[in-house]
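K.L.:
Structure, please.
(one chain, ligands or ions: 1)
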Amino acid sequence: MKKYDIKDLKLANLGKKKIEWAEKQMPVLRFIRQEFIKTKPLKNITLAACLHITTETANLLITLKAGGAYVVASASNPLSTQDDTAAALVKYYKIPVYAKKGESNKTYYEHIHSVLAYKPDITMDDGADLVSTIHKTHRSLISKIIGGSEETTTGVIRLKAMAEKKVLEYPIIAVNNAMTKHFFDNRYGTGQSTIDGILRATNILLAGLNFVVCGYGWCGRGIAMRARGAGSNVTVVETDAIRALEAKMDGFLVMSMVKAAEIGDVFVTATGDVNVIRKEHFLKMKNGVIVANSGHFNVEIDLLTLEKISNSKKEVRPFVMEYKLKNGKVINVLADGRLVNLSAAEGHPASVMDMSFANQAKAAEYLIVKKGQLEKKVYDMPEEIDRKIAELKLKSLGVEIEKLTPEQEKYLTSWEEGT
Ligand code: ADE
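P.N.:
Numbering: from 1, shown residues only. Here you go, the predicted model:
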């Protein structure tokens, strides 16, 4: 087997500079790294990570290695790898990486198999492809595995489905469910990086455009907020009544997808579900619209059908595929319907990944501390770790918060005092 599989080792110098740049904006992870150097909580552990190979992930992997782990990584999406970062991880940090930006689905899975050949004790996933591959085709690895962690909403949903069906064979920590993860990464991270991806791919002016956001979960909320900030008229499409109501009272237009298809200039999906934008919507769209996805998998835009109702398609800019429909109109799809923020831009900024990856590092440590005590279930991050990360982040930002007085604490725990 290859010792690593990346695009070009000569990119390593640039990658190292970018990793060091990101590190400056990751004070919480830096703090944990210093702790790990002293305590080595991951000594003798092989940790396989299937994460987006970015400068932020590099800082996480370096931290895990500092904690004593033998670390090996593959990409969690065929288009999200930063090839310079992958090269630097191999050359300067001696971490085997199996990832190339633009790899085929076949290579993507070959890379996952390469990582699994290291026989991990801990798995770290973003989308649950590592866990699902282990459960489908590498079951002999299960007995050695202590546990795993999961970064994203879609992965947590998949893993909870496995636990529900009683097929999950080892404990998982749902890092996504930490408050210091999804309140910030999913909302402010996805919000900013999705707009960043659309702008880098297209260089359009967002002011005055009709911008349609499909899904009003944490990611959709962030995208809608940032699109409004850029001067777009934002419409939300949502299937859940409570979320739709929230979007309405947040001041957005709320309508069905068929109606939104008629008015939108830019469409972004962030639902985690399949075929959110499909034939009946494509056929109603205006000429020249832009369609992108920010959900984990490339299933939200029905590209197979788009292809069938088109006469031709061609790449008109990097990450922009122009489909010429049989009805004479043009639809531009960004990044093949894959995560636009990680494909056409660099994903979430380091400052927000700081908290997500602080949670990942602490989740790995927690799995070791609790070895043998956890069930084959999906666990939330322990709240005390979550709060500690918030405190460290606030400290790094120079923010001091108010403390309850003893009298206030007592008041909050008493029932006797009323009107
Ligand atoms: N997910 C979203 N943004 C990311 C980033 N910058 N690094 C790793 N995973 C991400």
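K.L.:
wait, what's in contact with residue 345?
P.N.:
193, 196, 197, 199, 200 (C-beta atoms under 8 Å, 6 or more residues apart in numbering). Using the backbone N, CA and C atoms, a C-beta is placed for each residue, glycine as well.
K.L.:
Tell me the secondary structure at it.
P.N.:
coil (DSSP: H, G, I helix; E, B strand; the rest coil).
K.L.:
Kindly export the strand ranked longest in the chain (C-alpha atoms) in PDB.
P.N.:
If you go by DSSP state E, the chain has its longest strand at strand 310-317. Taking Å, rounded to 0.1, in the frame of the first residue of the first chain, the C-alpha atoms of strand 310-317 are listed here in PDB:
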ATOM      1  CA  SER A 310     -30.800  19.800 -21.000                       C
ATOM      2  CA  ASN A 311     -29.400  19.900 -24.500                       C
ATOM      3  CA  SER A 312     -25.800  20.500 -23.400                       C
ATOM      4  CA  LYS A 313     -23.600  21.400 -20.400                       C
ATOM      5  CA  LYS A 314     -20.200  23.100 -20.300                       C
ATOM      6  CA  GLU A 315     -17.900  24.500 -17.600                       C
ATOM      7  CA  VAL A 316     -17.900  28.300 -18.100                       C
ATOM      8  CA  ARG A 317     -15.700  29.100 -15.100                       C
END
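K.L.:
Buried residues in it, which are they?
P.N.:
Residues of strand 310-317 classed as buried: 310, 313 (neighbour count, 16 or more other C-beta atoms under 10 Å).
K.L.:
Point out the other elements, helices or strands, that it touches.
P.N.:
Counting contacts by 3 or more C-beta pairs under 8 Å, 6 or more residues apart in numbering; DSSP states H and E, strand 310-317 packs against strand 320-325.
K.L.:
Just give the nearest non-adjacent residue to residue 311, would you?
P.N.:
residue 324 (5.1 Å; C-beta to C-beta, 6 or more residues apart in numbering).
K.L.:
Thought residue 312 was touching that neighbour, still the case?
P.N.:
Yes: the criterion here is C-beta atoms under 8 Å, and residue 324 meets it with residue 312 at 4.8 Å.
K.L.:
tell me the contacts of whichever residue of the stretch 251-400 of the chain sits closest to the ligand?
P.N.:
Nearest to the ligand in the stretch 251-400 of the chain, going by C-beta to the nearest ligand atom, is residue 347, at a distance of 2.9 Å. The contact partners of residue 347, by C-beta under 8 Å, 6+ apart, come to 52, 54, 56, 80, 189, 193, 341, 353.
K.L.:
ok, and of those, which contact the ligand?
P.N.:
For the ligand, the contacts drawn from the contacts of residue 347 by C-beta under 6 Å from any ligand atom are 52, 54, 56, 189, 353.
K.L.:
how about the nearest residue to residue 182 once chain neighbours are set aside, phi and psi?
P.N.:
Nearest in space to residue 182, with sequence neighbours left out and distances taken as C-beta to C-beta, 6+ apart, is residue 218 at 5.2 Å. The phi and psi values for residue 218, taken as degrees, to the nearest 10, are phi -60, psi -40.
K.L.:
per-residue confidence for residue 218?
P.N.:
Note for residue 218: predicted pLDDT of 97.
K.L.:
who are the neighbours in contact with it?
P.N.:
Residues near residue 218 by C-beta under 8 Å, 6+ apart: 153, 182, 183, 186, 187, 190.
K.L.:
List buried residues within those residues.
P.N.:
153, 182, 186, 187, 190.
K.L.:
which two in the residues you listed are spaced the farthest apart?
P.N.:
Farthest apart among these by C-beta to C-beta are 153 and 187. That separation is 11.8 Å.
K.L.:
The stretch 301-419 of the chain: strands as residue ranges?
P.N.:
310-317, 320-325, 330-334, 378-380 (DSSP state E, counting those that start in this stretch).
K.L.:
Let me have those in CSV, extended by mean pLDDT and distance to the ligand.
P.N.:
Shown next, in CSV, are the strands of the stretch 301-419 of the chain (pLDDT from 0 to 100; distance: least, C-beta to the nearest ligand atom, whole Å):
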stretch, mean pLDDT, distance to the ligand
strand 310-317, 98, 22
strand 320-325, 98, 21
strand 330-334, 98, 16
strand 378-380, 98, 20
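K.L.:
Need the per-residue pLDDT for the closest residue to residue 91 other than its chain neighbours.
P.N.:
Excluding the flanking residues, the one nearest residue 91 by C-beta to C-beta, 6+ apart is residue 12, at 3.9 Å. pLDDT for residue 12: 98.
K.L.:
So residue 12, which state does it fall into?
P.N.:
From three-state DSSP, the assignment for residue 12 is helix.
K.L.:
So that it lines up with my notes, have the first residue be 49 from now on.
P.N.:
With 49 as the first residue, the last one maps to residue 60.
K.L.:
For it, which residues are in contact?
P.N.:
Shown in contact with residue 60 (C-beta under 8 Å, 6+ apart): 132, 135, 136, 138, 139, 140.
K.L.:
List only buried entries from those.
P.N.:
132, 135, 136, 138, 139.
K.L.:
and these, which of them are in helices?
P.N.:
Those of the buried ones among the contacts of residue 60 mapping onto helices are 132, 135, 136, 138, 139, per DSSP state H.
K.L.:
okay, those in TSV with distance to residue 156 and pLDDT next?
P.N.:
Listed next are those as TSV, based on distance: C-beta to C-beta, whole Å; pLDDT from 0 to 100:
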residue	distance to residue 156	pLDDT
132	19	98
135	18	98
136	21	98
138	18	98
139	23	98
